[in-house]
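**Student:** Pasted the sequence and its predicted model underneath.
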Amino acid sequence: MRRIFAIVVLGSLAGCGVKTDLKPLAGQTLPVAPYGRSEQPSSAELLKLPIQAGPERSVELRKRSEERKDDPFDLPPEG
């Protein structure tokens, strides 16, 4: 029983390292070219994230305590 489990686990782990280019399934095609573009984008171009998907952090972290400004929207609960 342990041998079978070990073989299954090792076999599934062996498949994790396989890296190949992505291709559409048989009978399927990649999406049509966007408007204004003559050639169809490749699978690598379609998987590339646009800049807006992963923006860099632009907030500078505070290095010392500072007094908070008054927030006009921080109201007590009604009732």
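**Tutor:** That came through, no problem.
**Student:** To what extent is Met1 buried, counted in neighbours?
**Tutor:** Using other CB atoms under 10 Å, Met1 is surrounded by 5 other residues. All C-beta atoms are positioned from the backbone trio N, CA, C, and that covers glycine.
**Student:** List the contacts of it.
**Tutor:** Met1 makes no contacts at all, as judged by CB atoms under 8 Å, 6 or more residues apart in numbering.
**Student:** What separation is there between the spatially closest residue to Leu47 that is not a sequence neighbour and Leu46?
**Tutor:** Leaving aside its sequence neighbours, Leu47 sits nearest to Leu22 (CB to CB, 6 or more residues apart in numbering; 7.3 Å). Applying CB to CB, to the nearest Å, the value for Leu22 to Leu46 is 9 Å.
**Student:** what phi and what psi does the backbone show at Ser43?
**Tutor:** phi -60, psi -30 (degrees, to the nearest 10).
**Student:** what number of residues lie near it?
**Tutor:** Neighbourhood size, Ser43 [other CB under 10 Å]: 11.
**Student:** Leaving out sequence neighbours, find the closest residue to it.
**Tutor:** Leaving aside its sequence neighbours, Ser43 sits nearest to Leu22 (CB to CB, 6+ apart; 4.4 Å).
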